[in-house]
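Asker: need a 3D model of the sequence below.
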Amino acid sequence: GEVTPGLSQVEYALRRHKLMVLIQKEAQGWDGLDHTVILLSNPTYYMSNDIPYIFHQDTNFLYLCGFQEPDSILVLQSIPGKVLPSHKSILFVPRRDPNRELWDGPRSGPDGAIALTGVDEAYTIEEFRHLVAKLKGESNMVGYDLRKPAHAELHSDYMQPLAEVKARSKNHIQGVRHLVQNLRLIKSPAEIERMKIAGRVTAE
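Answerer: Numbers count the residues shown, from 1 in each chain. Predicted coordinates for the structure are as follows:
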């Protein structure tokens, strides 16, 4: 099925695969390490205490999974015993809260996130801390953009402490934004079709 209009789960899986191909090329000489790419969603921004702005997802996060909910984390992780670009995709999302959903609208939760996006696994955002603890080891190469994090709170809660540990190891955190942006320059047939439709609508 479609994750976003005109773009299927297969389309997003192919994008993630292409990113891990680029990670594989950059990782030459770092054999024997586990590779993990982390992207944060945008948060919800508020005009006042209870009035949110219309939500706009971080473009790189959206490009790789199509998930259009705030306060989430996408992880692409190499699989032990297999070589890149083989990987698994994981979403960490807010747990469902019926009371909040009365105000904020429905949320997917982990099960809904898998059904919508086709990622391999999904968990609540609180469980991300268990992965962070594992990533502090010397055998883990982490791809994440420390400059201008998409979500300040998730960055300070999880990624900044990880970055401080990795800064003292030989495996510093490596940026990935430039790799995603390079992928976005080349449009797939599905993207070209969406652009044609947008052009026709604009011309009418």
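
Asker: could you pull out the helices for the chain?
Answerer: 9-26, 59-65, 98-104, 109-117, 128-135, 152-154, 160-166, 177-185, 189-203 (DSSP state H).

Asker: what's the burial count for Gly175?
Answerer: 11 (other CB atoms under 10 Å). All C-beta spots, glycine's among them, are computed from the backbone N, C-alpha and C.

Asker: which phi and psi does it have?
Answerer: The phi/psi pair for Gly175 (degrees, to the nearest 10) reads phi -70, psi 150.

Asker: who wins for proximity to Ile79 among the helices of the chain?
Answerer: helix 9-26 (10.5 Å; CB to CB).

Asker: quick one: the nearest residue to Gln174 once chain neighbours are set aside and Glu127, what's the gap?
Answerer: The shortest distance from Gln174 to any non-neighbouring residue, by CB to CB, 6 or more residues apart in numbering, is to Gly143 (5.1 Å). Applying CB to CB, to the nearest Å, the value for Gly143 to Glu127 is 20 Å.

Asker: just the pLDDT for the residue nearest to Gln174.
Answerer: We have a pLDDT of 95 for Gly143.

Asker: what of the one 5 residues further on?
Answerer: Here the pLDDT value assigned to Lys148 is 91.

Asker: ok, Met195 next?
Answerer: pLDDT, read off for Met195, is 86.

Asker: how about it, what does it touch?
Answerer: By CB atoms under 8 Å, 6 or more residues apart in numbering, the contact set of Met195 is Lys187.

Asker: going forward, begin numbering at 133 instead of 1
Answerer: OK, 133 is where the count begins now, so the last one is Met327.

Asker: quick check: it vs Thr334, distance?
Answerer: Met327 is 10 Å from Thr334, by CB to CB.
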